[in-house]
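Q: What follows is a predicted protein model with its sequence.
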Amino acid sequence: MSATTRTRTRVAWRNWAGNVTARPTRSVAPATARELAEAVVRAASDGLRVKAAGTGHSFTAAAATDGLLIRPERLTGIRAVDRAAGTVTVAAGTTLKDLNHSLSAHGLSLTNMGDIMEQTVSGAVSTGTHGTGRDSGSIAAQITGLELVTADGSVLTCSARQNPEVFAAARVGLGALGVITAITFAVEPEFLLRAREEPMPLARVTAEFDQLVAENEHFEFYWFPHTENCTTKRNNRSAGPAAPMGRVGAWVEDELLSNGVFGAACAVGRAVPAAVPGIAALAARALSARTYTDVPYKVFTSPRRVRFLEMEYALPREAAMAALRELRAAIERKRLRIAFPVEVRTAPADDIPLSTASGRDTAYVAVHMYRGTPHRAYFTAAEQIMTAHGGRPHWGKLHSRDAGYLAGVYPRFAEFLAVRDRLDPHRVFGNDYLRRVLGE
């Protein structure tokens, strides 16, 4: 192993939500693909499993290991900008925040993105992170190439032309195929988005859902359980001019109401569950309508400082509103007390074997619980509903599905497993989570 590779031993790793802890035998922070490959080969010869961790924003144990943990902090930065090809290559440990800031400095942007920027790019794509979009898909769907270190220490360059079968699978690879060291994204000249956020009755949202999705490039909504109220967000391209949120208004909405006051309210609800319906009603009324126009990453993303646990399922789009109605009925029937809103987003079908939108137009239904609040009854009820509709769990969020179930909802599941068997026959990159969701 290179003398410059930073190594630690027996240092505990914990995810963002605090529900997953691991104590690897050792961890390293390589600065190059070659250093990383050396670390993988040495770990394999020592009989250690290998996992790469990002910033820990997965709620599952996808990155947990008692073997070698690859840390991302030195695999960072933009490697290349190709304006003619419309691509940017970035090191895998770069956070989405740093990527977006760098792209903006170059006058470029991703077409679509999720709603947080704290993840590393490799962690985001490996777990299928997505935003919402009528025509534009997940972050992984915007990949045109990647560099992958495999179990034998090989460094593969992958694209639709080079190692195409590996490329197809590794765009959402769960860390099962190797360690991504660099990603090439398709980008475009930076544009403006006009965001329109406004309250809307649940009955109207559910009745007009298909129309709202069809009429907007990016539509999503949040329903507040125990109420008839939703907050909707419609993002569409704008010719300008830019009209960003004022600093004070943005702070009131995003920091004070969405994080500060909401966090305090969740703490009250955890201590006094009977207060939750009243809290939900207040929360639904607190966020007012607003319209603003800004560059994409400032519209798509927002701060998330209230810690929570999350489960999200991808459904056939036509099943989403029925599932939401069933979820609402289950919450009331079981007398559950839910302070967090239910989030609904969409994505077009894509061609990635383990993407949650693989082969079908998709709607996402996400449920959350404040950290430290009992969540099992709610998540179990939600999961029963979602699986009855052929739902696919988000790979980085809590769920109880196993390989037997997942093989039935992913038509290309066997294709992914075949690539895994070829690249990692001895399961150097395995762990308990992968054993459950992919099998041995």
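A: Nice, I can see it. Residues are numbered from 1 along each chain as shown.
Q: How far off centre is stretch 140-151?
A: Mean C-alpha position of stretch 140-151 versus that of the full chain (C-alpha atoms, centre = their mean, to the nearest Å) differs by 17 Å.
Q: count of neighbours near the residue lying closest to residue 175 once chain neighbours are set aside?
A: Nearest non-adjacent residue to residue 175, counting by C-beta to C-beta, 6 or more residues apart in numbering: residue 126, 5.5 Å away. All C-beta spots, glycine's among them, are computed from the backbone N, C-alpha and C. By other C-beta atoms under 10 Å, 30 other residues sit near residue 126.
Q: do residue 289 as well
A: When neighbours are counted by other C-beta under 10 Å, residue 289 registers 11.
Q: Could you do residue 184 as well?
A: By other C-beta under 10 Å, neighbour count at residue 184 equals 22.
Q: Helix, strand, or coil at residue 80?
A: Under DSSP: H, G, I helix; E, B strand; the rest coil, residue 80 falls in the strand class.
Q: Isn't it up against residue 89?
A: Yes: Residue 80 is within contact range of residue 89, at 4.4 Å (criterion: C-beta atoms under 8 Å).
Q: Among these two, which residue is more densely surrounded?
A: Neighbour count, other C-beta under 10 Å: between residue 80 and residue 89, residue 89 has more, with 17 against 11.
Q: host element of residue 221?
A: Residue 221 belongs to strand 218-223 when elements are defined using DSSP states H and E.
Q: CA-only coordinates of that strand in PDB, if you can.
A: Below are the C-alpha coordinates for strand 218-223, written out as PDB (Å, rounded to 0.1, in the frame of the first residue of the first chain):
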ATOM      1  CA  HIS A 218     -40.800  18.700 -12.000                       C
ATOM      2  CA  PHE A 219     -43.700  18.200  -9.700                       C
ATOM      3  CA  GLU A 220     -43.800  17.000  -6.100                       C
ATOM      4  CA  PHE A 221     -46.000  17.300  -3.100                       C
ATOM      5  CA  TYR A 222     -46.000  16.700   0.600                       C
ATOM      6  CA  TRP A 223     -49.100  15.500   2.400                       C
END
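Q: Alpha carbons only: can I get the helix or strand following it in PDB?
A: Downstream of strand 218-223, the next assigned helix or strand under DSSP H and E is strand 229-238. Written as PDB, here are the backbone C-alpha positions of strand 229-238 (Å, rounded to 0.1, in the frame of the first residue of the first chain):
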ATOM      1  CA  ASN A 229     -53.500  19.700   3.400                       C
ATOM      2  CA  CYS A 230     -50.600  19.400   1.000                       C
ATOM      3  CA  THR A 231     -47.700  21.600   0.000                       C
ATOM      4  CA  THR A 232     -47.000  21.400  -3.800                       C
ATOM      5  CA  LYS A 233     -43.900  22.400  -5.700                       C
ATOM      6  CA  ARG A 234     -43.700  22.900  -9.500                       C
ATOM      7  CA  ASN A 235     -40.300  23.600 -11.100                       C
ATOM      8  CA  ASN A 236     -40.200  24.700 -14.700                       C
ATOM      9  CA  ARG A 237     -37.500  26.200 -16.900                       C
ATOM     10  CA  SER A 238     -37.600  30.000 -17.200                       C
END
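Q: quick one on the thing from earlier: quick one: the strand holding residue 221 to chain centroid distance?
A: Relative to the mean C-alpha coordinate of its chain, strand 218-223 is positioned 16 Å out (C-alpha atoms, centre = their mean).
Q: Now do that strand, average pLDDT.
A: Strand 218-223 shows a mean pLDDT of 96.
Q: outside of it, which residues touch it?
A: Under the contact criterion C-beta atoms under 8 Å, 6 or more residues apart in numbering, strand 218-223 has outside partners 112, 131-134, 136, 193, 200, 202, 205, 212-213, 229-236, 300, 324, 328, 341-346.
Q: who touches the residue nearest the centre of the chain in this structure?
A: What sits nearest the mean C-alpha location of the chain, by C-alpha atoms, centre = their mean, is residue 129, with 2.8 Å. By C-beta under 8 Å, 6+ apart, the contact list for residue 129 reads 114, 119, 123, 138-140, 396.
Q: about what we covered before: next up, phi/psi of the residue nearest to residue 175, please.
A: Dihedral angles of residue 126 (phi, psi; degrees, to the nearest 10) stand at phi -70, psi -30.
Q: And the pLDDT at it?
A: According to the per-residue confidence, residue 126 scores 98 in pLDDT.
Q: shaky segments in the stretch 201-350 of the chain?
A: Within the stretch 201-350 of the chain, the segments meeting pLDDT under 70 span 247-262, 264-265, 282-287.
Q: hmm, back to that, sort out which residues of the strand holding residue 221 are buried, please.
A: With burial defined by 16 or more other C-beta atoms under 10 Å, the residues of strand 218-223 counted as buried are 218-223.
Q: Could you do stretch 352-366 as well?
A: For stretch 352-366, the neighbour count (16+ other C-beta under 10 Å) marks 352-358, 360, 362-366 as buried.
Q: just to revisit the earlier point, correct me if wrong: the residue nearest to residue 175 contacts residue 178.
A: No: using C-beta under 8 Å, residue 126 is not in contact with residue 178, being 10.5 Å away.
Q: Show me the helices in the stretch 51-200 of the chain, by range?
A: Secondary structure of the stretch 51-200 of the chain, counting by DSSP state H, counting those that start in this stretch: helices at 96-105, 121-126, 164-170.
Q: which residues sit against stretch 6-26?
A: The contact list for stretch 6-26 (C-beta under 8 Å, 6+ apart) reads 1, 27-29, 48, 51, 53, 55-61, 63-69, 71, 74, 118, 307-309, 371.
Q: Narrow those residues to those in strands?
A: Among the contacts of stretch 6-26, DSSP state E puts 27-29, 51, 68-69, 308-309 in strands.
Q: where's the residue nearest to the centre of the chain relative to residue 354, distance?
A: For residue 129, the distance to residue 354 equals 13 Å [C-beta to C-beta, to the nearest Å].
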